[in-house]
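> Need the 3D shape of this:
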Amino acid sequence: MGQYSTFFERNITFCIMQNYFFVVCWAFCLTAKAQFNYQYDYLFPVNPKQKALISGGIGEIRANHFHAGLDIVGITGTKIYAAADGYVYMLRPSTYGYGNFIFLMHPESNQRTLYAHLDAFAEPFATYVKQKQYEAERFDIDIFPPKDLFPIKKGDLIGYIGNTGASVGSHLHYEIRTLDDVALNPLKFTPLSEVNDNIPPVFTQIAFQPLEASSLVNQSGEKYVLQVQKVANGQYIFTNIPKVHGTFGVEVITYDLIDYSGFTVGTTKLKLLLDGQEIFSYDLNQIPHLYNRCMNVHLDYATYKQKYQAFQRCYVQDGNLLGAYRTNKYKGKITLRDTQKHIIELQAEDSAGNISILKGEVQGYKPTKPIFQVDFSPYQQSVSHQIQENFLLIEYHYPKQKADSIVLSFAGIVQKVPFKYQTQSKAVYCWDLRKGLPDYAQIGTIRYPFTFAWIIPSQRDFMYQEEDLAIRFDKNTLFDTLYLELKRDKQTLTIGNPLQPVFNHFEVAWKRPAPSQPAKQWAIYLQENGINYYQETEWKQDSALTFKSNTFGTFALLKDDVPPTIRLASKSDKQIACYISDNLSGIAHFRATLNGEFLLMKYESKNAYIWSERKDESKPLQGKFVLEVTDKAGNTTKFETILP
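The predicted structure follows:
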């Protein structure tokens, strides 16, 4: 298997994909308009009836997801109270993600509340959790108590604010969820006296993104970004008037502020109007956890990864199943082929109903044929490429040769492609990849090779296979069609483009020479920004290694034969603490014993800190202490000492 054999094969495959995608999206939209109950009277979980400091809200842009709750700042140890009557549904001590958290079920509202990053559980939950940890002989454990074991009354003490898990400061992460895990905005329930918000959302930048091969903004096919000006409270404008032709999308950077807080939170509602008519809106007051990763196509993922700028799209990208949008039949995309001025208006609304408006104009125009300009700067000419939507953009940087067109080769069949536009430093040529995957581009005397392997459809199971490599994509892997690029050598394999998001994982089987023993020390690592991220790897009997990933990029086969390190922090007859770390694969598990019996060790990974908790606090720690720490490559370090 390799390239499609003919253009016809490629185009037939693409048409099937497109029809399938439309049916899936249409069916989802019919079921996505659920009505949510915001009428229930929940107690504010931290210092009720006192002003709260909010550091995060629902709909805020985070890495690979929308923030799905309310972050309430408090010093470590601040009491947390149950928001409503119910019972304890779940308890989990953990060093990752939510850290220590408690889930409460509320039968009266048919909703659940989540309280995360706890420093500690309140009694009797703390004792119950420790009992279960000692029974399982491990720190991290999912605990689902019988529903009648821990009945809860509104206002009961359930825990204490902390900084456990993926948290960067002491706070409570508080969520209200439906029974099918749709997160609801806590600030939309009964008006809260604890949170004042009289500040409307903020706009900082607006962008215009060409979306078709023939689309241009100011004679360019690249995103055009404008700073906006604040002219009054809640009133913004952009004064430069972009010249647009063809189909384009509006994107914007917006955030919200809350009284008494210097933190930014998410803008929960946004509307786009063209000449006074609404063509797009979103409502992020409810976030289904199942589709939370759709945040990566809600915004411009590539720009976010490269520059950490969160340009939110005011149009619905293919594969976005979030269901938070109301659009016209064009999904919010704008097509202009006239020469008139048109009014662009954006309305941003926060949880309290404060509204900000951004206004400006765009000018339709008829583009003229571009004139190629040879570059006379001292910079060396080069060629690069990128993929936008279905289009391959070939970029000829600092062109020293006149090249009104280039030649693309398709297994010996050549196709001329004229240049589309030219910026100050590069000429750009555009090819519709639905028409075929080129082997190389010839630009004057420069031959630029491509590494395209196949067109991978979204929304369906698909297996790409070569003699020594197989990649399985299931129907939930891709947001949109993937024009798969592959590069490899003895130790590395590059799959796709890290600037293209993935919804769910793909599976890889890569046949390599049999590794030196033990094989477990050899594993795949995703290499990103100079950091190696371990991917769980399994070696098969035929010397094929298998792994999964939900990120495209370069994967390296590396050996980790260095065991973890253990360093004593402190010891007494009440507690022993250590620092533990690993140089490559990361900590997999740890186990401590005292005189041969299991001793619970708590762990906070971001601080590399581990400390003991006695089963019976009345009994001092005495005798031989042994701590074994194993990394994900199977290397183990043992530390021994006598206590106290």
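> Which element, helix or strand, includes residue 304?
Assigned by DSSP states H and E, residue 304 belongs to helix 301-307.
> could you say what helices and strands the next helix or strand after that helix packs with?
Per DSSP H and E, the first helix or strand lying C-terminal to helix 301-307 is strand 312-313. Counting contacts by 3 or more CB pairs under 8 Å, 6 or more residues apart in numbering; DSSP states H and E, strand 312-313 packs against strand 243-257, helix 295-298. Heads up, the C-betas are built off the backbone N, CA and C, glycines and all.
> mind running it again at 7 Å?
When contacts are defined as 3 or more CB pairs under 7 Å, 6 or more residues apart in numbering; DSSP states H and E, strand 312-313 packs onto strand 243-257.
> How far away from the center of its chain is the strand it packs on?
21 Å (CA atoms, centre = their mean, to the nearest Å).
> and it, C-alpha only, in PDB?
Provided in PDB are the C-alpha atoms of strand 243-257 (Å, rounded to 0.1, in the frame of the first residue of the first chain):
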ATOM      1  CA  LYS A 243      -9.800  44.000   1.500                       C
ATOM      2  CA  VAL A 244     -11.300  40.500   1.000                       C
ATOM      3  CA  HIS A 245     -12.200  38.200  -1.900                       C
ATOM      4  CA  GLY A 246     -13.700  34.800  -1.700                       C
ATOM      5  CA  THR A 247     -14.500  32.700   1.400                       C
ATOM      6  CA  PHE A 248     -13.000  33.700   4.700                       C
ATOM      7  CA  GLY A 249     -13.600  33.200   8.400                       C
ATOM      8  CA  VAL A 250     -13.500  35.700  11.200                       C
ATOM      9  CA  GLU A 251     -11.500  34.800  14.300                       C
ATOM     10  CA  VAL A 252     -11.100  36.800  17.600                       C
ATOM     11  CA  ILE A 253      -9.200  36.800  20.800                       C
ATOM     12  CA  THR A 254     -11.600  37.600  23.700                       C
ATOM     13  CA  TYR A 255     -11.600  37.000  27.500                       C
ATOM     14  CA  ASP A 256     -13.600  38.100  30.500                       C
ATOM     15  CA  LEU A 257     -12.800  39.700  33.800                       C
END
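> Tell me which residues are up against the following helix or strand past that strand.
Using DSSP H and E, the helix or strand that follows strand 243-257 towards the C-terminus is strand 264-265. Residues outside strand 264-265 that contact it (CB atoms under 7 Å, 6 or more residues apart in numbering) are 54, 56-57, 60, 255-258.
> related to what we said a few turns ago, tell me what the helix holding residue 304 is packed against?
Packed next to helix 301-307, using 3+ CB pairs under 7 Å, 6+ apart, is no helix or strand.
> which other residues reach that helix?
Residues from elsewhere that reach helix 301-307, judged by CB under 7 Å, 6+ apart: 309-311, 499, 501.
> Please spell out which residues along it are buried.
301-305 (16 or more other CB atoms under 10 Å).
> before we move on, back to that, most neighbours of all the contacts of strand 264-265, which one?
residue 57 (29 neighbours; other CB atoms under 10 Å).
> So for it, what pLDDT did the model give?
Note for residue 57: predicted pLDDT of 96.
> isn't it right up against residue 266?
Yes. If you go by CB atoms under 7 Å, residue 57 and residue 266 touch, sitting 5.4 Å apart.
> so what sits against both of those two?
Common neighbours of residue 57 and residue 266 (CB under 7 Å, 6+ apart) are residue 67.
> Dump the contacts of strand 264-265 to TSV, plus distance to residue 386.
TSV is the format used below for the contacts of strand 264-265 (distance: CB to CB, whole Å):
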residue	distance to residue 386
54	39
56	33
57	34
60	28
255	28
256	32
257	35
258	38
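> Now flag whichever of those residues is closest to residue 524.
Distance to residue 524 across those (CB to CB) is lowest for residue 60, with 32.3 Å.
> For the closest one, give me its contacts.
Taking CB under 7 Å, 6+ apart as the contact definition, residue 60 lies against 66-67, 265-266.
> Farthest-apart pair in those, please.
Pairwise distances across these (CB to CB) peak at 11.6 Å, for the pair 66 and 265.
> Which residue is the nearest non-sequential neighbour of residue 340?
residue 364 (5.3 Å; CB to CB, 6 or more residues apart in numbering).
> Isn't that neighbour up against residue 339?
Yes. At 5.2 Å, residue 364 counts as touching residue 339 under the criterion of CB under 7 Å.
> So for these two, which sits in the more crowded spot?
A count of neighbours by other CB under 10 Å puts residue 364 above the other of residue 364 and residue 339, at 16 against 11.
> where do the helices sit along the chain?
7-31, 125-136, 295-298, 301-307 (DSSP state H).
> Could you check how far stretch 314-322 is from the centre of its chain?
Here stretch 314-322 is found 15 Å from its chain centre; the criterion is CA atoms, centre = their mean.
> Go through it and flag the buried ones.
Residues of stretch 314-322 classed as buried by neighbour count (16+ other CB under 10 Å): 314-322.
> what's the neighbour count on residue 559?
14.
> wait, doesn't it sit right on residue 520?
No. Applying CB under 7 Å, one finds residue 559 not in contact with residue 520, separated by 10.2 Å.
> what about residue 464, distance to residue 374?
Shown here: residue 464 relative to residue 374, a distance of 41 Å by CB to CB, to the nearest Å.
> higher neighbour count, these two?
Comparing residue 464 with residue 374 by neighbour count (other CB under 10 Å), the higher total belongs to residue 464, at 21 against 12.
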